[in-house]
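Novice: Need a 3D model of the sequence below.
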Amino acid sequence: MANSSVAGAVGVVVLVLVSMCAAAPTDLVADVLVYDATSGGVTAAVAAARHGMKTILVCASWPACFPDGGLRVGGLSSGGLGQTDIGGHPDIIGGLAEEFYTRNRQHYGSIAPTPSSSLASASSSCRLPTAGCNQTYNLEPHVALGIFEALLRDAKVEVLYGAQVDKVAKSGQTITSITLTNGTAIKASVFIDASYEGDLLARAGVSYHVGREANTTYNESLAGNTGGRSGNQFTVVVDPYDKDGQPLPHFYTGDPGIPGEADKKVQSYNFRLCVTKNVSNQIAFPKPAGYDASEWELLRRYVAALGGQYRVPSPNTAPVPNSKYDMNNGGPVSSDFIGASWDYPEANYSYRQEIWRRHRDYQQGLLWTLTNDPGIPEHVRDEAKAWGLCKDEFPATNGFAAALYVRAARRLVGDNVFTQNSPKTKPPANQVIGLGNYNMDSHNAQRIACRSRDACWGRGPHGASGAFAWDEGDVQVNPGIYQIPYWVMLPKETETSNLLVVAAPSASHIGMATLRMEPQFMIVGHSAGVAASLAVQERVAVSKLDFDTFSAKLRADKQKLDLPLPAVSYACLASRCIQKPSKTPESNHTCVVDHCGPLEANEWLANNEFWVFGSSNITANGDTFLKKSEVFSSLLPPSMIKSVAKGTVLPIAHGSTPVDNGYTLVALA
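Specialist: Numbers count the residues shown, from 1 in each chain. All right, here's what the predicted structure looks like:
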């Protein structure tokens, strides 16, 4: 239940909405309508309003945008995702996204905590409030919420809470209005779908996709069923069967699929919980209703197989300001509810609420088991009990985050699709809307009970000779710094003329795996708001903008559009001078002092993810390249990179030599 101050605020907003609907049940009118107040939805609305548009923002996510969830704008960035996915290059974040993180730093003023050694890396990367940093990237949920609300208030954006899109009206290819589930109809000239689920685009009748494409669909080596790669995977043998020979709970018992093939399986979701060890600001992890200890036998066995070395509350818990932490998934058995997300993208609103509750009960059950189950070693339980939910966060939901982390749902299918290969190409300069650089990061989609290695793609944990548990779906590959093209927001021209899409962009499963980060959603949202305003002013379809004017407006808004020049350092690896990516050039150290020679003309670096290494040749398992440097491919001159097509077999002069960062040195024959 909400505390009194939150309940009072909720009452005011609900009364305003009810009054509006009663007085004008048919039409509200705007220049730009932004659907859903995710982080990208907020920046889209603010950008459109700053560029002179009458803008309405519909806060639609359940329960976050409803009274029971606290009426929260900002999506995951105010919903518990505190460890912002900035990758290794936060300097590429521009525009309203950069303004957001700058305001976050300003919130903490001149008082910057003296970091302990355990927090030093977070402080040095500007994740925590730190002297010398103009931005703070890690977020306290209530602080992020306040910043989003201030941005909307200052831009005079009208925000509607507590209703979701029901119908979309069109005249030919033009959307004329949407009707919400509370009966409110809204007309606009341009519509922006900023929902994680793509609910407006689906009701507008535009093409979309759910699930994983085959690796042949867009010629992506990482696409489709992964066959169970090593990321967030079981490294120990855990028996997945009960005494009757049946799989334990939380295993998929259907066809696990064939590597590379398409399916409708969706990467897993979780809640990003804000947790603390500060007992004065702590709520104990609650026991979920209907808790059944038998559902957690896999967790008990996994902790036992690790020798009781399970890190609590998660192996992936990162600091945010004021002695709080963001609890994310880490490892094969953690906060991700693997396999429970598949129905969510196309579920109706009531079924989605049921799926949300299942995820809440799962994550609460995980934490309750770690803190209370006698089958968990006592030292693990004691450590888990030292943690709790933050009392001063999410008061409407008793400290538990309201926003389910929908990592991917529907994805638009436009005339162009952003794929694994897109980061290697450069869009027209006047159609760049921002930059990205985070991993192609997809979480596991299914958990399999394997009778043997032969039953699970020939893979398994070390030492597995019989049955074992195995997860499938994880992908973690860095694409380098890349430019985001305008067309990721565009439906097919034959389908609609006045819709832009922010958080369900035109992307494959693998392409979405890098575009889906919150800073990129804010960047894309900002550019969508500017594009919408220009389309209204020019009275053209969103695909027909004057792109020179558009690009100039983005630059005036401090959006970062140009690839940075590479900064490099050097290391002596495999007796060769290897150029490595670095945040700052290290010109004082070269390989000369290490008596290391440069790469010979026939020597190249091959990324292990895309090559199969034999004794006399190497084979490309996807469209890839060879490089003279570990620097991101998009930043290298043509002389230092050699493109190679999938299936190419290259003879080598002698055996290959592993170096670092997933590269191998090869000498072509």
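Novice: can you give me the helices for the stretch 451-600 of the chain?
Specialist: Taking DSSP state H, counting those that start in this stretch as the criterion, the stretch 451-600 of the chain carries its helices at 509-515, 518-538, 547-556.
Novice: Residue 613 is nearest to which of those?
Specialist: Nearest of these to residue 613, taken as Cβ to Cβ: helix 509-515 at 22.9 Å. Backbone N, C-alpha and C define where each C-beta goes, glycine included.
Novice: now that closest one: how far from the chain's centre is it?
Specialist: Remark: helix 509-515 is offset 9 Å from the chain centroid, using Cα atoms, centre = their mean, to the nearest Å.
Novice: Stretch 220-229 too?
Specialist: On Cα atoms, centre = their mean, the centre of stretch 220-229 falls 18 Å from that of its chain.
Novice: how long is that stretch end to end?
Specialist: The stretch stretch 220-229 measures 16 Å between its terminal residues, going by Cα to Cα, to the nearest Å.
Novice: ditto for stretch 457-467
Specialist: End to end - Cα to Cα - stretch 457-467 spans 13 Å.
Novice: what's the answer for stretch 155-169, then?
Specialist: End-to-end distance of stretch 155-169 (Cα to Cα): 28 Å.
Novice: isn't residue 494 right next to residue 205, touching?
Specialist: No: Residue 494 sits out of contact with residue 205 when judged by Cβ atoms under 8 Å, with a separation of 11.1 Å.
Novice: who's the closest residue in space to residue 324 that isn't next to it in sequence bridged to?
Specialist: Closest residue to residue 324 apart from its sequence neighbours, by Cβ to Cβ, 6 or more residues apart in numbering: residue 276 at 5.0 Å. Judged by DSSP bridges, the bridge partners of residue 276 are residue 324, residue 388.
Novice: quick one: residue 276 and residue 147, what's the gap?
Specialist: Remark: distance between residue 276 and residue 147 (Cβ to Cβ, to the nearest Å) = 21 Å.
Novice: now swap in residue 321 and tell me
Specialist: Distance from residue 321 to residue 147, by Cβ to Cβ: 13 Å.
Novice: cool, and residue 253?
Specialist: 45 Å.
Novice: any low-confidence regions in the protein?
Specialist: Scanning the chain for pLDDT under 70 picks out 1-26, 111-124, 583-594.
Novice: Now do the helices in it.
Specialist: 4-23, 39-50, 95-107, 120-124, 141-155, 199-203, 297-305, 349-372, 378-385, 509-515, 518-538, 547-556 (DSSP state H).
Novice: what's the most buried one of the ones you listed?
Specialist: Each of the helices of the chain was scored by mean neighbour count; the highest is helix 39-50, a mean of 31, by mean count of other Cβ atoms under 10 Å.
Novice: just checking, what packs against that helix?
Specialist: Helix 39-50 sits against strand 32-35, strand 55-59, helix 95-107, helix 141-155, strand 190-193, helix 518-538, with contacts defined as 3 or more Cβ pairs under 8 Å, 6 or more residues apart in numbering; DSSP states H and E.
Novice: the more surrounded of residue 494 and residue 205?
Specialist: Between residue 494 and residue 205, counted using other Cβ atoms under 10 Å, the more crowded position is residue 205 (14 against 10).
Novice: Spit out the contact partners of the nearest residue to the more buried one once chain neighbours are set aside.
Specialist: Among residues not flanking residue 205 along the chain, residue 495 sits closest, at 6.7 Å (Cβ to Cβ, 6+ apart). Shown in contact with residue 495 (Cβ atoms under 8 Å, 6 or more residues apart in numbering): 173, 204-207.
Novice: May I see the helices of the stretch 451-600 of the chain arranged in a markdown table, with distance to residue 272 as well?
Specialist: Listed next are these as a markdown table, based on distance: least, Cβ to Cβ, whole Å:
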| stretch | distance to residue 272 |
| --- | --- |
| helix 509-515 | 17 |
| helix 518-538 | 10 |
| helix 547-556 | 30 |
